[in-house]
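S.K.: Structure here, sequence nowhere to be found:
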């Protein structure tokens, strides 16, 4: 008897809406979604006009799927109507530029975005995923791993100084994360503007000082995580996490459409930090 | 205040598991298993970021080699000069001790190296000992670890664990003896008996499939299931493992461990909790419910056979007795088929058909749950002539996934019914690269999760089931049937199932 053919039908699990600020942005978003489809099928509706988007949603969006608004660049205004059509918002705080995004060719006009503080406001109303935060996961793992084990864990209790370097949003988010998780006063934390992210932590325990650092190796794409206890053990963990493009980050974000309980306090702490210093 | 007992920085990062600071001590570090399985698993762990900076590897073996030679060997496995920098960095810290397992000096030097790594790399007294040696050396190595005090961690809060490879004994008696020897030195919660089948995603998915879905469990019993088939087929011959296979055979090599583990997951009751003992308690209960064949049944309900020359994948291949390292008069089976019964409320009366062998037409491991036919088929017989019973297939390898076969109307004006398949293929549904079984299990052992390792009583229950068969084969003049390589076994295996009015599902 002939065997029936095996066919794997991959049904979409989410509807992604994009209200692009320009045709070019719509094209970029469409390309990312096309790649994203390799990791998990989605129903996507992309438009550059709010009314058109509404019409497409009404006629095409599947009623049985959760709706997510992906706002590829900047931050939507707090009163953005599309926010009320969806259950989740995805942004990338690395694209926040204090209003650099300008409408072009008469597309949807938007006011300048208010940066991380605006994200706090929207996050109070709607679950938000920040792709910059998703992209920081390997960095957070490496920092956390430095304090793993009986010798190194006690140093978490007395962190004396933290210096984070990086682009404005990732740098502040990392610093805010350390402040919120470790209950640090903002006075011990410095954030410096830099092209590449790095974290340096000085801590003390039992009269001994220890240095912890996570930074890109100068000669490769690896990240080095180093822990050194003065007069004690030291170790170096070298890891090369695969760089995730927008599509992979989106895929990860869409896999876990829930409020990240660690992100909100980290974001709030990041907003409360002293201003980022100039590059150093 | 920061809770130092649970590193608060790890909160929200549970998607990625990282081993704690530790030293992995590999006994048999110059051997085949280390090069083929353990080092590649370590490489993948390192590349995925699954190993901490304060991690060390110490190889121990009889082969004369120094630290540098061991590092070169490890580097070679990782691709030599093109090995990833993460692996190169890790390998730089590898150490090697050449020595005999019955020489106390070997273990003195091991102790010294371990202390040194604790001091310089911060490995914190955590040790994972991996027995990648021939089974005959297990008691020797374990006893020596005990005599040197290395079976206990050197500081409070640290761990000393032992990973034991299969085969765990040759029969029930030798398994009990090995267990006693190991338990004299290590407690059960320190022992990790490895069966790499349990590291496979699809085997673990049996638990998710059964206990995370409400629609299957109600029909997962004797009221709806007609019978169960477990097939573990390999298209390969014994290759260069001829001398090993001569001591094992299909029953010991595949059925007693891999098949029994898969079967226990299929038969078990829902666990109270998904922790190690919650699951293993139920697996043991399931194995206990499998009826031990009587001496008569061990002959009549079991078929053993060896392959003779034939054709696999269009290639002519030699018979088992012509393989390298095999006795030309060998009486070892390369194929076994059997029918088992389960004596419990859920499965009473549902036969379990097991088939495992080498040089079968294809490499495939699967569990087929065949459901009973509907009580009345309201179609004219010719309109449903192609209709098979509903079958749920759980493919463990390759093309991992789950397929449900059911009847559907053929499009058209006539009402014909034909069997169709609804499939979930792992590779399509989850595009993430899945961890290799050894990688997963090594990480679990380092983390201290025993869920996917076999507890002592599981091993003994599995031996209890096959013990009468082994005895019958030793004491009785049981026929060793023959089958041409590239076929689904001897005709006797077909008769075994056909006399119940059923037939093998050939994948």
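M.R.: Received, thanks. As the structure is a computational prediction, the values presented were derived from the model and not from experiment.

S.K.: Please make it C-alpha for all contacts and neighbour counts, starting now.
M.R.: Noted.

S.K.: okay, and for the chain, where does confidence drop off?
M.R.: No chain specified, so I'll use chain A. For chain A, the stretches with pLDDT under 70 are A:1-11, A:39, A:97-114, A:219-220, A:278-280.

S.K.: My question was about chain B, not that one.
M.R.: B:1-5, B:14-16, B:381-386, B:431-432.

S.K.: Quick check, the residue in it closest to chain A?
M.R.: Residue of chain B nearest chain A, by C-alpha to the nearest C-alpha: residue B:53 (3.8 Å).

S.K.: ok, that residue - contacts?
M.R.: A:146, A:225-226, A:235-238, B:21, B:121 (C-alpha atoms under 8 Å, 6 or more residues apart in numbering or on different chains).

S.K.: Kindly write the PyMOL command that selects the buried subset of those residues.
M.R.: Buried residues within those, by 16 or more other C-alpha atoms under 10 Å in any protein chain shown, are selected in PyMOL with:
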select buried, (chain A and resi 146+225+226+235+236+237+238) or (chain B and resi 21+121)
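
S.K.: Sort out which of the contacts of residue B:53 are in strands and list them.
M.R.: Members of the contacts of residue B:53 lying in strands (criterion: DSSP state E): A:225-226, A:235-238.

S.K.: how about the helices in chain A?
M.R.: A:23-36, A:50-60, A:116-123, A:131-135, A:137-146, A:168-182, A:246-255, A:263-272 (DSSP state H).

S.K.: So which residues make contact with the second one?
M.R.: In this case it means helix A:50-60. By C-alpha under 8 Å, 6+ apart, the list of residues contacting helix A:50-60 reads A:17, A:19, A:45-47, A:82, A:108.

S.K.: And for the fourth one?
M.R.: When contacts are defined by C-alpha under 8 Å, 6+ apart, helix A:131-135 is touched by residues A:90-94, A:169-170, A:173, A:244, A:249-250, A:252-253, A:263.

S.K.: ok, back up a step: export the contacts of helix A:50-60 to JSON lines and tack on neighbour count?
M.R.: Shown next, in JSON lines, are the contacts of helix A:50-60 (neighbours: other C-alpha atoms under 10 Å in any protein chain shown):
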{"residue": "A:17", "neighbour count": "25"}
{"residue": "A:19", "neighbour count": "24"}
{"residue": "A:45", "neighbour count": "19"}
{"residue": "A:46", "neighbour count": "21"}
{"residue": "A:47", "neighbour count": "23"}
{"residue": "A:82", "neighbour count": "17"}
{"residue": "A:108", "neighbour count": "17"}
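
S.K.: from those residues, which two are the most distant?
M.R.: The largest separation in the contacts of helix A:50-60, counting by C-alpha to C-alpha, is between A:45 and A:108 at 15.8 Å.

S.K.: Could you count how many residues lie near the nearest residue to residue B:38 once chain neighbours are set aside?
M.R.: Using C-alpha to C-alpha, 6 or more residues apart in numbering or on different chains and skipping residues adjacent in sequence, the residue nearest residue B:38 is residue B:438, 7.0 Å away. The number of residues packed near residue B:438 is 24, by other C-alpha atoms under 10 Å in any protein chain shown.

S.K.: helices or strands up against the helix or strand hosting residue B:438?
M.R.: Assigned by DSSP states H and E, residue B:438 falls within helix B:437-447. Applying 3 or more C-alpha pairs under 8 Å, 6 or more residues apart in numbering or on different chains; DSSP states H and E, one finds that helix B:437-447 contacts helix B:39-47.

S.K.: For the helix it packs on, what is the distance to the chain centroid?
M.R.: 19 Å (C-alpha atoms, centre = their mean, to the nearest Å).

S.K.: neighbours around residue A:65, how many?
M.R.: Residue A:65, neighbours per other C-alpha under 10 Å, totals 14.

S.K.: My understanding was that it contacts residue A:41; is that so?
M.R.: No - using C-alpha atoms under 8 Å, residue A:65 is not in contact with residue A:41, being 12.0 Å away.

S.K.: Return the set of buried residues in the biggest helix by length in chain B.
M.R.: Counting residues, the longest helix found in chain B (DSSP H) is helix B:456-475. Residues of helix B:456-475 classed as buried under the neighbour-count rule (16+ other C-alpha under 10 Å) are B:456-470, B:472-473.

S.K.: Tell me the residues on the stretch 151-280 of chain A that lie near chain B, please.
M.R.: A:151, A:153-154, A:156-157, A:178, A:181-183, A:222, A:225-226, A:232-241, A:260-262 (C-alpha under 8 Å from any C-alpha of the partner chain).

S.K.: phi, psi of the residue lying farthest from the centre of chain B?
M.R.: In chain B, the residue that sits farthest from the middle, by C-alpha atoms, centre = their mean, is residue B:413; the gap is 49.8 Å. Here is the backbone geometry of residue B:413 (degrees, to the nearest 10): phi -80, psi -20.

S.K.: Contact residues of the stretch 401-507 of chain B facing chain A?
M.R.: Residues of the stretch 401-507 of chain B found near chain A (C-alpha under 8 Å from any C-alpha) are B:419-425, B:428-432.

S.K.: Take these and write them to CSV, including neighbour count and secondary structure.
M.R.: Below are those laid out as CSV (neighbours: other C-alpha atoms under 10 Å in any protein chain shown; DSSP: H, G, I helix; E, B strand; the rest coil):
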residue, neighbour count, secondary structure
B:419, 22, strand
B:420, 22, strand
B:421, 22, strand
B:422, 17, strand
B:423, 18, strand
B:424, 20, strand
B:425, 19, strand
B:428, 17, helix
B:429, 16, helix
B:430, 13, coil
B:431, 11, coil
B:432, 11, coil
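
S.K.: orientation of the helix holding residue B:438 relative to helix B:39-47 in degrees?
M.R.: 70 degrees (axes from the mean of the first three to the mean of the last three C-alpha atoms, to 10 degrees).

S.K.: buried residues in helix B:437-447?
M.R.: For helix B:437-447, by 16+ other C-alpha under 10 Å, it's B:437-446.

S.K.: mind checking how far it is from the chain centre?
M.R.: Counting by C-alpha atoms, centre = their mean, helix B:437-447 comes out at 13 Å from the chain centroid.

S.K.: what's next to it, contact-wise?
M.R.: B:18-20, B:22, B:37-38, B:41-42, B:44-45, B:50, B:128, B:161, B:163, B:192, B:194, B:196-201, B:450, B:452.

S.K.: Quick check: closest non-adjacent residue to residue 234.
M.R.: Chain wasn't specified; assuming chain A. Sequence neighbours aside, residue A:228 is the residue nearest to residue A:234 in space, at 4.2 Å (criterion: C-alpha to C-alpha, 6+ apart).

S.K.: nope, chain B please
M.R.: residue B:363 (4.2 Å).

S.K.: Please look at that neighbour and residue B:395 and confirm they touch.
M.R.: No - Residue B:363 is not in contact with residue B:395 according to C-alpha under 8 Å; the separation is 11.2 Å.

S.K.: more crowded one of the two?
M.R.: Here residue B:363 and residue B:395 are compared on neighbour count by other C-alpha under 10 Å; more neighbours surround residue B:395, at 22 against 17.

S.K.: Please name the residues that touch that one.
M.R.: Counting by C-alpha under 8 Å, 6+ apart, residue B:395 touches B:202, B:364-367, B:401-402.

S.K.: run the last query once more with 10 Å
M.R.: B:202-203, B:231, B:364-368, B:401-403, B:425-426, B:507 (C-alpha atoms under 10 Å, 6 or more residues apart in numbering or on different chains).

S.K.: Pairing partners for the helix or strand hosting it, with directions?
M.R.: Using DSSP H and E, residue B:395 sits in strand B:391-397. Strand B:391-397 pairs in its sheet with strand B:364-371 (antiparallel), strand B:401-409 (antiparallel), by DSSP bridges.

S.K.: By proximity to chain B, which residue of the stretch 101-250 of chain A wins?
M.R.: For the stretch 101-250 of chain A, C-alpha to the nearest C-alpha, closest residue to chain B: residue A:237, 3.8 Å.

S.K.: So that residue sits against residue A:226, correct?
M.R.: Yes - using C-alpha atoms under 10 Å, residue A:237 makes contact with residue A:226 at a distance of 6.3 Å.
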